[in-house]
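Asks: Test case, fold it:
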Amino acid sequence: MVEQDIWVRINAKSTELLNQLKEIISSTEGFRIHGRKEVNKPELLIFELSEDFEEEFKVIESLSAANGLAEIFVTSRKEDSNLLLRALRLGIKEFLPQPLNIEEVKRALDGVKTRKQRQVIPSQAPIQGQIIYVMGSKGGVGTTTVAVNLAMNLVEENCRGSIALMDMNTVFGEVPLFLSMKPAYDWGEIAKNVKRLDTTFLMNVMARHPSGIHILPSPNLNGHPSATPETMGRLLGLMRSMFEYVVIDGGQSLDGTCLKAIEMSDMVLFIILLNLPCLANTNNVLKSLSRVGIDPKGRFKIIVNRLLKKTDISLKEAEKSVQSEIFWTIPNDYRKTMSAINQGKALREIAPRAPIAKNMAALVDFLRTGGEPRPEKKGWTLFRR
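Replies: Next up, the predicted model:
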């Protein structure tokens, strides 16, 4: 079957921008410029916005209705949050800031081509992804560090599907900070527009990290309606069908929304430190979960973070205290961990040979193989096998 070219209509206010877009589109295989006398209908509209973007969005809507456009891009010299939100709600696929980045425009065009191909290729079996919920026994135990590095190492393992990293800490959500990102949206947009939730809307809300991870930040108490357990259930159900792994930084909250996420998770990594407050909180959390009908046995894996060579409380004493096995231990390396956080990078990026970086890689290897580490990695990270 011969693929047909995608016709692109350009609505630009400046001749310079018009010529630049024409040059980029003409040099991209599979695309053609749509002229006024062209018989074929355009599939993609690239529209330049001015200061009066509200009126222009009405024009875009009418053009879309008249031409049956498959996709719309907008471009502007102004990056305004209201403009971006308006574009998102209209289902506009891409915002191209000016001056144009040629490679970004080409990537956006490739996305159009990929989405069109998916419409004609028989769909593969849907992904049944795994949800891994990372939560802490208290604040400051390293929950975000574990969640971020877990996701980054999953990408390194070349999973067949993509990886999503979701931040559920609505008070101190720091996932974007740990990855040196400034996303335009958060999942508060979904809570506010849950009726529009589908694959396209979700992908427009999520931010893509250069590694390939798709980030879904938390609203951070920004005034959006709180997500209900029903909304969270619908969101995670969709994400499970789209991504091979969904890693959630759950913080320490146990509200209804978080309980729904825990309930839907395939695995819960419970991060603790070897001190009395953490052990006491661990007991309280596990008992609280049991009282609301969530059995912590099986899916819950206790991980001791920042393990020192010499501790006042031994691992066996900790197990006795929480009446559960310690699943994994992560060595203490304050300097490298803080360096990674301050640079907005993963541990494997700044110190791939460091014991803590190797430990995180081994944890991912262990989780992905269902409890059977690769031969060369056996025995050096597990507390209990």
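Asks: so where is the stretch 151-300 of the chain shaky, pLDDT-wise?
Replies: Counting by pLDDT under 70, the ranges of the stretch 151-300 of the chain that qualify are 158-161, 220-225.
Asks: Please, where are all the helices along it?
Replies: Taking DSSP state H, counting those that start in this stretch as the criterion, the stretch 151-300 of the chain carries its helices at 175-178, 188-192, 199-205, 229-242, 256-264, 276-291.
Asks: Export those helices as TSV, with columns for distance to Pro42 and mean neighbour count.
Replies: (Glycine included, C-beta is placed from N, CA and C.) Putting those into TSV (distance: least, CB to CB, whole Å; neighbours: other CB atoms under 10 Å) gives the following:
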stretch	distance to Pro42	mean neighbour count
helix 175-178	36	22
helix 188-192	28	21
helix 199-205	19	17
helix 229-242	28	18
helix 256-264	41	20
helix 276-291	54	16
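Asks: can you put those in a markdown table and add distance to Glu325?
Replies: Listed next are these as a markdown table, based on distance: least, CB to CB, whole Å:
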| stretch | distance to Glu325 |
| --- | --- |
| helix 175-178 | 28 |
| helix 188-192 | 36 |
| helix 199-205 | 36 |
| helix 229-242 | 27 |
| helix 256-264 | 19 |
| helix 276-291 | 12 |
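Asks: residues near Ile271, how many?
Replies: Burial of Ile271 is recorded as 28 neighbouring residues (other CB atoms under 10 Å).
Asks: check contacts around it.
Replies: Contact criterion CB atoms under 8 Å, 6 or more residues apart in numbering gives Val134, Met135, Gly136, Ser137, Val141, Gly142, Thr143, Val146, Ile303, Asn305 as the residues in contact with Ile271.
Asks: change it to 6 Å
Replies: Contacts here follow CB atoms under 6 Å, 6 or more residues apart in numbering; on that basis Ile271 touches Gly136, Val141, Gly142, Thr143, Val146, Ile303, Asn305.
Asks: and the gap between the closest residue to Ser76 other than its chain neighbours and Leu109?
Replies: With CB to CB, 6 or more residues apart in numbering as the measure, Leu49 is the residue that lies nearest to Ser76, at 4.2 Å, once sequence neighbours are left out. From Leu49 over to Leu109 the distance is 19 Å, taken as CB to CB, to the nearest Å.
Asks: Do I have it right that Met135 meets Gly250?
Replies: Yes - using CB atoms under 6 Å, Met135 is in contact with Gly250, at 4.0 Å.
Asks: residues contacting Val205?
Replies: So, once contact is read as CB under 6 Å, 6+ apart, Val205 ends up touching Tyr185, Glu189.
Asks: can you rerun that using 8 Å?
Replies: In this structure, Val205 makes contact with Leu88, Tyr185, Asp186, Trp187, Glu189, Ile190, Leu216, judged by CB under 8 Å, 6+ apart.
Asks: now do Ala346
Replies: Contact criterion CB under 8 Å, 6+ apart gives Val148, Asn149, Met152, Asn153, Ser211, Ala340 as the residues in contact with Ala346.
Asks: Most neighbours of all the residues you listed, which one?
Replies: In terms of neighbours by other CB under 10 Å, those top out with Val148 at 30 neighbours.
Asks: list residues touching both of Met135 and Gly250?
Replies: Overlap between the contact sets of Met135 and Gly250, as judged by CB under 8 Å, 6+ apart, is given by Thr143, Cys258, Ile262.
Asks: quick one: contacts for the second one?
Replies: Read it as Cys258. When the contact criterion is CB under 8 Å, 6+ apart, the partners of Cys258 are Met135, Met168, Gly250, Gly251.
Asks: Apply 7 Å and report the result again.
Replies: When the contact criterion is CB atoms under 7 Å, 6 or more residues apart in numbering, the partners of Cys258 are Met168, Gly250.
Asks: gap between it and Met135?
Replies: The spacing between Cys258 and Met135, counted by CB to CB, is 8 Å.
Asks: Common neighbours of these two, please.
Replies: Taking CB under 7 Å, 6+ apart as the contact criterion, the common neighbours of Cys258 and Met135 are Gly250.
Asks: Show me the helices in the stretch 1-150 of the chain, by range?
Replies: Read by DSSP H, counting those that start in this stretch, the stretch 1-150 of the chain holds these helices, from start to end of the chain: 15-26, 53-67, 81-89, 102-120, 143-156.
Asks: Nearest to Asp312, out of those?
Replies: helix 143-156 (22.8 Å; CB to CB).
Asks: which residues touch that closest one?
Replies: Under the contact criterion CB under 7 Å, 6+ apart, helix 143-156 has outside partners 132, 134-136, 163, 165, 174-175, 178-179, 211-213, 245, 247, 249, 251, 269, 271, 303, 305, 337, 346-348, 360-361, 364.
Asks: Mark which of those are part of strands, please.
Replies: The members of the contacts of helix 143-156 that map onto strands under DSSP state E are 132, 134-136, 163, 165, 245, 247, 249, 251, 269, 271, 303, 305.
Asks: Nearest to Ile72 among the helices of the stretch 151-300 of the chain would be which one?
Replies: Each of the helices of the stretch 151-300 of the chain has some distance to Ile72 by CB to CB; the shortest is helix 199-205, at 11.7 Å.
Asks: How far away from the center of its chain is that closest one?
Replies: Helix 199-205 has its C-alpha centroid displaced from the chain centroid by 11 Å (CA atoms, centre = their mean, to the nearest Å).
Asks: again with stretch 281-295
Replies: With CA atoms, centre = their mean as the basis, stretch 281-295 stands 28 Å off its chain's centre.
Asks: Extract the C-alpha set from that stretch and format it as CSV.
Replies: Coordinates of each C-alpha in stretch 281-295 appear next as CSV, following Å, rounded to 0.1, in the frame of the first residue of the first chain:
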residue,chain,number,x,y,z
ASN,A,281,5.4,4.9,61.0
THR,A,282,5.8,1.7,58.9
ASN,A,283,3.8,-0.3,61.4
ASN,A,284,1.1,2.4,61.6
VAL,A,285,0.8,2.6,57.8
LEU,A,286,0.7,-1.2,57.3
LYS,A,287,-2.0,-1.5,60.0
SER,A,288,-4.0,1.4,58.5
LEU,A,289,-3.9,-0.2,55.0
SER,A,290,-5.1,-3.5,56.5
ARG,A,291,-8.0,-1.7,58.2
VAL,A,292,-9.2,-0.2,54.8
GLY,A,293,-9.1,-3.6,53.1
ILE,A,294,-5.7,-3.4,51.4
ASP,A,295,-3.5,-6.4,52.3
